[in-house]
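Novice: Give me a model of this one.
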Amino acid sequence: MQLNALISRLFCDMGHFPILFRNSALGLQSILCKTGFSEDVYNAVISRSVREGQSLLNARFRNCGENRKVQFESSKPEDFTAGEDGVIYAARSLQLSTEPTEFIVYAKDKETQEEWHMTVKLTLESAFTEDSVKDQKKIEEIVFPWQENKHSSHLKRQKRDWVIPPINLPENSRGPFPQELVRIRSDRDKSLSLRYSVTGPGADQPPTGIFIINPISGQLSVTKPLDREQIASFHLRAHAVDVNGNQVENPIDIVINVIDMNDNRPEFLHQVWNGTVAEGSKPGTYVMTVTAIDADDPNALNGMLRYRILSQAPSSPSPNMFTINNETGDIITVAAGLDREKVQQYTLIIQATDMEGNPTYGLSNTATAVITVTDVNDNPPEFTAMTFYGEVPENRVDVIVANLTVTDKDQPHTPAWNAVYRMTGGDPTGRFTILTDPNSNDGLVTVVKPIDFETNRMFVLTVAAENQVPLAKGIQHPPQSTATVSITVIDVNESPYFVPNPKLIRQEEGLLAGNLLTSFTAQDPDRYMQQTTLRYSKLSDPANWLKIDPVNGQITTTAVLDRESLYVQNNMYNATFLASDNGIPPMSGTGTLQIYLLDINDNAPQVNPKEATTCETPQPNAINITATDPDIDPNAGPFAFELPDSPASIKRNWTIIRISGDHAQLSLRLRFLEAGIYDVPVIITDSGNPHASSTSVLKVKFCQCDINGDCTDIDRIVGAGLGTGAIIAILLCIIILLILVLMFVVWMKRRDKERQAKQLLIDPEDDVRDNILKYDEEGGGEEDQDYDLSQLQQPDTVEPDAIKPVGIRRLDERPIHAEPQYPVRSAAPHPGDIGDFINEGLKAADNDPTAPPYDSLLVFDYEGSGSTAGSLSSLNSSSSGGEQDYDYLNDWGPRFKKLADMYGGGDD
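Specialist: The predicted structure is shown next:
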């Protein structure tokens, strides 16, 4: 089935134009189908302003069911492109000329490389005259029928046809809504009952409901105002089906472009723009760019912006120091005279207006441009005075002697303001330097080498100051400023100094005390001060060999100089002396005296080591000995070794042979010698002049040895050789140990006595352990009141009397006598034995001289912590108990009811 359609454009009066579908036989179409474009020339009517991506027309390509992979290309790819579906788009935003625009669209099969082409002709809306519009209005339906060739039985389609142009709909329309746009109709609606529908964004896809269609009449309408800034165009597809839903016509594409209205003001990207420009810039210097955007169509007048400067503050030196490019927003300088020292910042009010800046119809907005004038080095530093003065005490370093102040009009703390100072004269020896204070920019003249008042009393320096960066070009000022610095040196009291220091002398050792050694004096460098007096004293003399005269500095000895002393290192002895003046303030200096001591032969050689061990062997066994001498050459080796003549046993038992200048061998003459320790004297003589010799005793341990050469009877030898000193030391250790043991025993006894005395001295009133308190006892008088309360206590807790100290005893204690033998009650007594037990106890108490007197309470028996007796109910009263009357127990209350029942009530 072939589909032909025509969509008439929508003009301001929103007239209704139908779109017709023409139907033909399917079989005939398949027979006559030819691969390629459906038309040789496509015409489209569009507006003059075309934006990038805007769809222009749909170039239909027939595949004839072959499913070809076709690629479309434009002869003007820089302006127009073709999509894979054949829709032609604008490749960029452009303005079309009044003349029709033509270009060719090619279709190429990717597999067979077969090509087809057609021509696109674009015509502006203004090319349609009013007559053509009137003609269109008169035509309600345009039908492009299939024409039959009289000489052929085939149908032939006309070669040229109008492509359905887009529908242009202004945004923000006030209605009324729904507003009719166009009517779509098929020529088969006469024979069939058709239903029309539209699909796509804006219809059945989000945003839904913007466009609706009458399913019966095919009238397409818009339901509300459109906003081009949200959606610039809508791509819909119209469908025609029968009542059963079967497709009657092929869908057709409908493009609705939203026409822009000037409903948005320009908006600056920033409300405040910041820029900089260097002072002294020439006219035409670029400063900054401000940018505004308009949501309206930038290709139409509604979105075309123009910029201008409304105001400038301050207005000096000229009210028009800057200008702005009205299209790009670039701000440049137009006048000379930018000076940061006068005006540091300019504030411009910038206005952006659409409609190409039309003040009547365009919308405007403003922003602020803040332009900061940056500093350049157009002002050199200048000294505030021609001459600066300072003073410095002599011998002082790292002292600031003068402050050099400068002024600079440039921006502080920038390279154009920071000053650099240098000396151009007056300091050939480099005793001064000039540092820059980073905060104040002052020059600090500082002494870096000590100055001697006696040599230089004043300095006159020439200094120059300049900036870190050179002056800008065209500046007429000199690049630097110069000044003079006068520095006075102040004389101070300086320390005396020894000459030479250190002082070295050579002296033989052995110099006796009281001899003059040398004279060591100091000098005072203060030649121009009142003459001062120097006094000398000793500061360091490790061996205390020297003394110095406080007035003339003469050094004499106070002890014998000894080269072999521990205080002498490498034959050198060092002593330090102090020289002090009486200036204000007093000053002092030190000097070192170095005495190189020459060696004399004042020390005899000695044997080393002092002890040796030798084994009893059949072969001769020798002992190597070495001679040592604190002296040095020539008063030391080679040494001579010999044995003394007495006692005679020495040479009889031993022999000595020198094997080198410092070593000798001591050998045993005899084959057998009893094991033990032997003292062998050896005479050693050095090579000095005169010679010095000494007799050294070598202790030789002679013993039997094992195969390893170790003594086997070393314990016996050591015991036999134990000296008197060792024995005394052992005895002292034993005595000290015994004394410590005795002191420990005495301390333990004393502690026990103190503990016992503390327990016995307890106040009887505080002793409340099981005491019986008597409230109404008729005794034998006052002498009967000293009770022995200890008898009421448990016997096993009473301490024995034997360990109680004499003289510390309580009044209620019994006197010390032999303990009486009281009867002991059996573990399980018979009730009839109670009377015998009490009588025997009474008899024993009467004969006991230690018992308390008179009617005191007696202790007859102690049953221990646990009673072995049975219940009291097992005790039967004696035959004499029947004579007692116990009826009174009934009057004592319920507590004595049991006793009343047992003993009361007559004979029962």
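Novice: Quick one: the helices in the stretch 101-250 of the chain, in order.
Specialist: Remark: helices assigned in the stretch 101-250 of the chain by DSSP state H, counting those that start in this stretch are 130-138.
Novice: which residues of it score low on pLDDT?
Specialist: For the stretch 101-250 of the chain, the stretches with pLDDT under 70 are 125-164.
Novice: switch the cut-off to 90
Specialist: Applying pLDDT under 90 to the stretch 101-250 of the chain flags residues 101-102, 107-118, 120-168, 173-175, 184-194, 216-217, 243-245, 248-250.
Novice: residues in contact with Thr353?
Specialist: Pro266, Leu305, Arg306, Arg308, Pro359, Gly362, Leu363, Ser364 (C-beta atoms under 8 Å, 6 or more residues apart in numbering). No exception for glycine: its C-beta is placed from N, CA and C like everyone else's.
Novice: Sorry, wrong one. I was asking about Val399.
Specialist: Applying C-beta under 8 Å, 6+ apart, we find Val399 in contact with Val392, Pro393, Thr446, Val447.
Novice: Which members of those residues are the farthest-apart pair?
Specialist: Farthest pair in the contacts of Val399 (C-beta to C-beta) is Pro393 and Thr446. Separation: 14.0 Å.
Novice: These two: who's more crowded?
Specialist: Between Pro393 and Thr446, Thr446 has the larger neighbour count (other C-beta atoms under 10 Å), namely 17 against 14.
Novice: Checking my notes, that one in a strand, right?
Specialist: Yes - read with DSSP: H, G, I helix; E, B strand; the rest coil, Thr446 is one of the residues of a strand.
Novice: Could you give the secondary structure assignment for Asp410?
Specialist: Three-state call for Asp410 (three-state DSSP): coil.
Novice: how close does it sit to Pro381?
Specialist: 9 Å (C-beta to C-beta, to the nearest Å).
Novice: shared neighbours, the two?
Specialist: Asn467.
Novice: who's more crowded, these two?
Specialist: Pro381 (26 against 22).
Novice: Which secondary structure elements does the longest strand along the chain sit against?
Specialist: In the chain, with assignment by DSSP state E, the single longest strand is strand 247-259. Helices and strands touching strand 247-259, by 3 or more C-beta pairs under 8 Å, 6 or more residues apart in numbering; DSSP states H and E, are strand 18-21, strand 167-170, strand 179-186, strand 233-242.
Novice: winner for burial among these?
Specialist: With neighbours taken as mean count of other C-beta atoms under 10 Å, the helices and strands packed on strand 247-259 reach their highest mean count in strand 18-21, at a mean of 23.
Novice: show me what contacts the residue nearest the centre of the chain?
Specialist: Geometric centre of the chain, nearest residue: Pro438, 30.7 Å, by C-alpha atoms, centre = their mean. Applying C-beta under 8 Å, 6+ apart, one finds that Pro438 lies in contact with His413, Asn418.
Novice: got the residue ranges for the strands in the stretch 351-500 of the chain?
Specialist: Shown for the stretch 351-500 of the chain, the strands assigned by DSSP state E, counting those that start in this stretch span residues 364-374, 382-383, 387-393, 399-404, 406-407, 419-425, 432-436, 443-447, 458-467, 481-490, 497-498.
Novice: Buried residues in stretch 101-115, which are they?
Specialist: By 16 or more other C-beta atoms under 10 Å, the buried positions in stretch 101-115 come out as Thr101, Val105, Ala107, Asp109.
Novice: whoops, stretch 209-226 was the one
Specialist: Buried, per 16+ other C-beta under 10 Å, within stretch 209-226: Ile210, Phe211, Ile212, Ile213, Gly218, Gln219, Leu220, Ser221, Val222, Pro225, Leu226.
Novice: wait, the fourth one sits on Val222?
Specialist: Spelled out, that is Ile213. No - between Ile213 and Val222 there is no contact under C-beta atoms under 8 Å: 10.8 Å.
Novice: Quick one: distance of the biggest helix by length in the chain to the chain centre.
Specialist: Looking across the chain with DSSP state H, the single longest helix is helix 724-760. Here helix 724-760 is found 65 Å from its chain centre; the criterion is C-alpha atoms, centre = their mean, to the nearest Å.
Novice: Show the average pLDDT along whatever helix or strand comes next after it.
Specialist: Following helix 724-760 in sequence order, the next helix or strand is helix 834-846 (DSSP states H and E). Averaged across helix 834-846, the pLDDT comes to 79.
Novice: With just CA atoms, put helix 834-846 into CSV.
Specialist: In CSV, the C-alpha atoms belonging to helix 834-846 read as follows (Å, rounded to 0.1, in the frame of the first residue of the first chain):
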residue,chain,number,x,y,z
ILE,A,834,30.1,-36.0,144.1
GLY,A,835,30.2,-35.6,147.9
ASP,A,836,33.6,-37.3,148.2
PHE,A,837,34.9,-35.2,145.4
ILE,A,838,33.9,-32.0,147.1
ASN,A,839,35.3,-33.1,150.5
GLU,A,840,38.6,-34.0,149.0
GLY,A,841,38.8,-30.6,147.2
LEU,A,842,37.9,-28.8,150.4
LYS,A,843,40.7,-30.6,152.3
ALA,A,844,43.2,-29.8,149.6
ALA,A,845,42.1,-26.1,149.6
ASP,A,846,42.6,-25.8,153.4
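Novice: Go through it and flag the buried ones.
Specialist: Across helix 834-846, burial judged by 16+ other C-beta under 10 Å covers Phe837, Gly841, Ala844, Ala845.
Novice: how close does the third one sit to Thr712?
Specialist: Taken as C-beta to C-beta, the spacing of Ala844 relative to Thr712 amounts to 80 Å.
Novice: Dump the contacts of Val399 into JSON lines; add distance to Pro609 as well.
Specialist: Output for the contacts of Val399, formatted as JSON lines (distance: C-beta to C-beta, whole Å):
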{"residue": "Val392", "distance to Pro609": "68"}
{"residue": "Pro393", "distance to Pro609": "65"}
{"residue": "Thr446", "distance to Pro609": "67"}
{"residue": "Val447", "distance to Pro609": "65"}
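Novice: Nearest to Asn552 among the residues you listed?
Specialist: Nearest member of those to Asn552, counting by C-beta to C-beta, is Pro393, at 31.7 Å.
Novice: Provide a list of residues in contact with the closest one.
Specialist: For Pro393, the contact set (C-beta under 8 Å, 6+ apart) comprises Val399, Val489, Ile490, Val492.
Novice: okay, now the domains of this structure?
Specialist: Following the TED database, the chain resolves into domains at 40-124, 167-259, 267-374, 382-490, 497-598, 606-703.
Novice: and of those domains, who's closest to Val746?
Specialist: domain 606-703 (43.9 Å).
Novice: Any chance of the buried residues of helix 834-846 in TSV with distance to Asn377 as columns?
Specialist: Formatted as TSV, the buried residues of helix 834-846 follow (distance: C-beta to C-beta, whole Å):
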residue	distance to Asn377
Phe837	135
Gly841	133
Ala844	134
Ala845	133
